[in-house]
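In: Pasting the sequence and the predicted model now:
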Amino acid sequence: MLWAMLYDCPVNICYYLLDYLAFLGTRSDGKGEIVVGGIITFIARKFGVGQEKGINRIDGNNRLDINTLVDMTFIKPHPPDNMTYELKLNVPPCLFILPNPPRTDTRVEENLLYFGVNQVQEGHGNDGDDEEEEGAHLHDDPVHHEQESGEHDNDRWACMQT
Amino acid sequence: MLTIGIRDNVVRLLYNLGWVEMMRPMRGIENFTYQFLSSISFTKDRSRSDNPNHRVSFWLLNINYEMSLEHFCSEMGFANAGFIHDSWNHDLKPEDNDPAAFWECITGLEQYNSRSNKASNIHNPVLRYLQRVMSCTI
């Protein structure tokens, strides 16, 4: 499917959608949480069944939040305070240029590092279990990061390499 | 997506498959979801490769819908056309589609291992995000 997206190749979307929903409808393993309510709402609307006719909305997450991404091993909390996060990459070398290079090219150090000054200073020596991963730390205050970025580049880069 | 600058690329690739509208966040409705999932039946026609008659049926608000895949595509606003990976009609398969080469291109790995953590082997954050979106949708 990714290939089809990149090469603009048409695929029969409804076939895959129905195949997956039918699989979920008969699934009996009880593993994990099923989150397809939004898609079914989309189908219902297409058949003229309005949302106002629904009785109860399903509470819960309909987006990929931090906890979801941690569960998916997309990111992992960064010690010692676990309030910053590392983007997990299994393969260290950058083999091709990322889209939107000014913001995502991993050869640009600034794009890999998004954690604050305090975390940098506290973070030295705490990355010993990350030999196979390059870490991109999701900073919760990007404005502050931009203001302080220039004078701490070397510290942050060194931290990431350890 | 906005923070790391991948939103435009994600939307562009979703647009290539016509998925932009479908992938918008929508609230799940309890009775829609339970009734749909407990009643959906998708029957694939394996007897004909040239013009298979795939059938789908489901209930929504106590109404039974039963139709062909072609009719369902029409109702959803998608064309009943394009590649189906397990189709017996090999004419649908693009000639230049080489899954192994593509996997190596986006991961650097020579072999695809379905037991490994697939998403974290993909380098490009746009493709990694889309892989997760699709694995939770279809």
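Out: Looks like it came in fine.

In: average pLDDT across the helix or strand encompassing residue A:70?
Out: Element membership of residue A:70, judged by DSSP states H and E, is helix A:66-71. For helix A:66-71, mean pLDDT rounds to 68.

In: averaged over its residues, what pLDDT does stretch B:78-85 have?
Out: Here the average pLDDT along stretch B:78-85 is 66.

In: er, stretch B:52-59 I mean
Out: On average, stretch B:52-59 scores 86.

In: Go through that stretch and flag the buried ones.
Out: B:52, B:54-56, B:58-59 (16 or more other C-beta atoms under 10 Å in any protein chain shown). Placement of C-beta: from N, CA and C, glycine included.

In: near chain A, from those residues?
Out: Contacts with chain A within those, counted by C-beta under 8 Å from any C-beta of the partner chain: B:54, B:56.

In: Any stretches of chain A with poor pLDDT?
Out: For chain A, the stretches with pLDDT under 70 are A:28-37, A:50-69, A:72-76, A:78, A:81-162.

In: and it, what are its domains?
Out: If you go by automatic domain parsing, the domain ranges for chain A are A:2-53, A:66-161.

In: What residues sit buried inside the longest helix anywhere in chain A?
Out: If you go by DSSP state H, chain A has its longest helix at helix A:13-25. Neighbour counts over helix A:13-25 (16+ other C-beta under 10 Å) mark A:13-22, A:25 as buried.

In: Just want the angle from the helix or strand just after it to helix A:13-25.
Out: The element immediately downstream of helix A:13-25 (helix or strand, assigned by DSSP H and E) is helix A:37-46. For helix A:37-46 against helix A:13-25, the angle by axes from the mean of the first three to the mean of the last three C-alpha atoms, to 10 degrees is 130 degrees.

In: and helix A:37-46, what does it pack onto?
Out: The contact analysis (3 or more C-beta pairs under 8 Å, 6 or more residues apart in numbering or on different chains; DSSP states H and E) places helix A:37-46 against helix A:13-25, helix B:30-39, helix B:69-76.

In: 6 Å - rerun?
Out: Counting contacts by 3 or more C-beta pairs under 6 Å, 6 or more residues apart in numbering or on different chains; DSSP states H and E, helix A:37-46 is packed against helix B:30-39.

In: Is any residue of the helix it packs on near chain A?
Out: Yes - using C-beta under 6 Å from any C-beta of the partner chain, helix B:30-39 reaches chain A at B:30-33, B:36-37.

In: just stretch B:127-138 next, same as before
Out: Yes - counting by C-beta under 6 Å from any C-beta, chain A has neighbours in stretch B:127-138: B:127, B:134, B:138.

In: What is the burial count for the one residue in chain B that gets nearest to chain A?
Out: Minimum separation of chain B from chain A (C-beta to the nearest C-beta) falls at residue B:28, amounting to 1.6 Å. Using other C-beta atoms under 10 Å in any protein chain shown, residue B:28 has 21 other residues around it.

In: what does residue B:124 give?
Out: Using other C-beta under 10 Å, residue B:124 has 24 neighbouring residues.

In: Send me the longest helix of chain A as CSV with only the CA atoms.
Out: Extracted C-alpha coordinates of helix A:13-25, given in CSV (Å, rounded to 0.1, in the frame of the first residue of the first chain):
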residue,chain,number,x,y,z
ILE,A,13,-9.7,0.6,-1.2
CYS,A,14,-13.1,-0.8,-0.4
TYR,A,15,-11.9,-4.3,-0.9
TYR,A,16,-9.1,-3.9,1.7
LEU,A,17,-11.4,-2.0,4.1
LEU,A,18,-14.2,-4.6,4.0
ASP,A,19,-11.6,-7.4,4.3
TYR,A,20,-10.2,-5.9,7.5
LEU,A,21,-13.6,-5.1,9.0
ALA,A,22,-14.9,-8.6,8.3
PHE,A,23,-11.8,-10.0,9.9
LEU,A,24,-12.4,-7.9,13.0
GLY,A,25,-16.1,-8.9,13.1
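
In: got the contact list for it?
Out: Residues outside helix A:13-25 that contact it (C-beta atoms under 6 Å, 6 or more residues apart in numbering or on different chains): A:34, B:37, B:40, B:42, B:56, B:72-73, B:76, B:78, B:84, B:138.

In: Mind checking which of those are buried?
Out: For the contacts of helix A:13-25, a burial check counting by 16+ other C-beta under 10 Å picks out B:37, B:40, B:42, B:56, B:72-73, B:76, B:78, B:84, B:138.

In: Determine which two of the residues you listed are furthest apart.
Out: Maximum pairwise distance in these, criterion C-beta to C-beta, is 22.6 Å, between B:37 and B:84.

In: related to what we said a few turns ago, please indicate which of the residues of helix B:30-39 next to chain A are buried?
Out: By 16+ other C-beta under 10 Å, those give B:31-33, B:36-37 as buried.
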